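1. next come a sequence and a model predicted from it.
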Amino acid sequence: MKNIEITNYSSKYNQTFYELNKSWIEEFWMLEDSDLKDLLSPRESIIDLGGEIFFAVKNNLAVGTAAMIPFPNNKIENISKASIKFELDHKRGSLAAILNVVSDCKLNLTKIQSLPKIDTPWVYSFFIDITFDEFRDYEKAKSIMSIMAKDFKILGEYENRKK
């Protein structure tokens, strides 16, 4: 990690922005038309709307990137999709209990992925994508799941453009 500089948006890194983001989106989710719009026109889709793009640069080569995309008018009611990570012990019913919360709070599970936690035997990391109609249902589910699971993290909250 030596000699890595964090720099703000520059159009000279547009291709790298596209390639890095496309790669991880396709690995963990599904690339949507709205993603392509953002990736192909980052200035118009992110910077000009008040967002920011950062690059990790080493030896004049962008090796990482992150974008901060503002919500229109900062309205949380536009949020209807989320990506969440949590960890559970290898115990009977632990995942079922979380999935019951998802169902009881009227959330729709659109993706689930699990990975064993290599450094901690019998602990699994779960990555889920959910959609919802009411933000308050999502808030309720978050508060319950954060108590039930270890290392509960919101990876992203988005507007579901497929509504």
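-> That came in fine, so what should we check first?

2. once you drop chain neighbours, what's closest to the residue located most distally from the centre of the chain?
-> The outermost residue of the chain, judged against the average C-alpha position, is residue 59 (28.4 Å), by CA atoms, centre = their mean. Distances taken as CB to CB, 6 or more residues apart in numbering place residue 3 nearest to residue 59, at 7.2 Å, with adjacent residues excluded. The C-beta positions use only the backbone N, C-alpha and C, and glycine is treated the same way.

3. wait, that neighbour touches residue 57, no?
-> No: between residue 3 and residue 57 there is no contact under CB atoms under 8 Å: 9.3 Å.

4. which one's more surrounded, these two?
-> residue 57 (19 against 7; other CB atoms under 10 Å).

5. which strand or helix spans the more buried one?
-> For residue 57, the host element (DSSP states H and E) is strand 52-58.

6. CA atoms only for that strand, dumped as CSV, please.
-> C-alpha atoms of strand 52-58 as CSV (Å, rounded to 0.1, in the frame of the first residue of the first chain):
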residue,chain,number,x,y,z
GLU,A,52,-17.4,13.0,-6.2
ILE,A,53,-15.2,10.2,-7.6
PHE,A,54,-11.9,9.3,-5.9
PHE,A,55,-9.0,7.3,-7.4
ALA,A,56,-6.2,5.4,-5.7
VAL,A,57,-3.2,6.0,-7.9
LYS,A,58,0.1,4.2,-7.9
